[in-house]
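Novice: generate coordinates for the sequence data below:
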Amino acid sequence: MAYSYTERKRIRKSFGSRDSVLEIPYLLQMQKDAYTAFLQADIGPKKRTVEGLQAAFDAAFPIVSHNGFVEMKFLEYNLAKPAFDVRECQTRGLTYASAVRAKVQLIIYDRESSTPQSKVVKEVKEQEVYMGEVPLMTDKG
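Specialist: From the prediction side, this is the model:
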């Protein structure tokens, strides 16, 4: 583990009769692992588990119009490559972030031949939509 300049020059003297009983865990690693599990960026869209960002999208979709003849379904999401690297973001004062694009499907049902029990599909459109940006964690947090 690399220590910062302040940590290297700080001298800690232990007056205890025993050595440390517990080793302090690297707490940043726990946060990085949790955020990696939240994003699931390195896992393919079809292999993602229903947790984190995937669970948020699954909870929000499908969106159905008030009359029930239009429905929008969520298919998958992708994280784009960040526009700038970590150093460039620090220099420009920007957030190190990645764009989230979701692939959604719009289903339009035929009003004349559909009934509330069975709907006849009139048109299906599929498109990738920009949903915003999500901050990314660096090696240092």
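
Novice: in the protein, spot the strand with the most residues.
Specialist: Counting residues, the longest strand found in the chain (DSSP state E) is strand 121-135.

Novice: give me every residue that touches residue 106.
Specialist: Shown in contact with residue 106 (CB atoms under 8 Å, 6 or more residues apart in numbering): 70, 71, 72, 124, 125, 126, 127. All C-beta spots, glycine's among them, are computed from the backbone N, C-alpha and C.

Novice: possible to save those residues as a markdown table with distance to residue 13 and neighbour count?
Specialist: Below are those laid out as a markdown table (distance: CB to CB, whole Å; neighbours: other CB atoms under 10 Å):
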| residue | distance to residue 13 | neighbour count |
| --- | --- | --- |
| 70 | 70 | 15 |
| 71 | 67 | 18 |
| 72 | 63 | 16 |
| 124 | 71 | 11 |
| 125 | 69 | 10 |
| 126 | 65 | 11 |
| 127 | 64 | 10 |
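
Novice: dump those to CSV, plus distance to residue 17 and pLDDT.
Specialist: Output for the contacts of residue 106, formatted as CSV (distance: CB to CB, whole Å; pLDDT from 0 to 100):
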residue, distance to residue 17, pLDDT
70, 74, 94
71, 70, 95
72, 67, 97
124, 74, 97
125, 73, 98
126, 69, 98
127, 68, 98
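
Novice: which of the residues you listed sits closest to residue 63?
Specialist: When the contacts of residue 106 are compared for distance to residue 63 (CB to CB), residue 72 wins out at 4.5 Å.

Novice: how about the longest strand of the chain: buried residues?
Specialist: residue 134 (16 or more other CB atoms under 10 Å).

Novice: what strands line up against it, and which way round?
Specialist: strand 97-109 (antiparallel) (DSSP bridges).

Novice: return the set of buried residues in the partner strand.
Specialist: Buried, per 16+ other CB under 10 Å, within strand 97-109: 97, 98, 100, 101, 102, 104, 107, 109.
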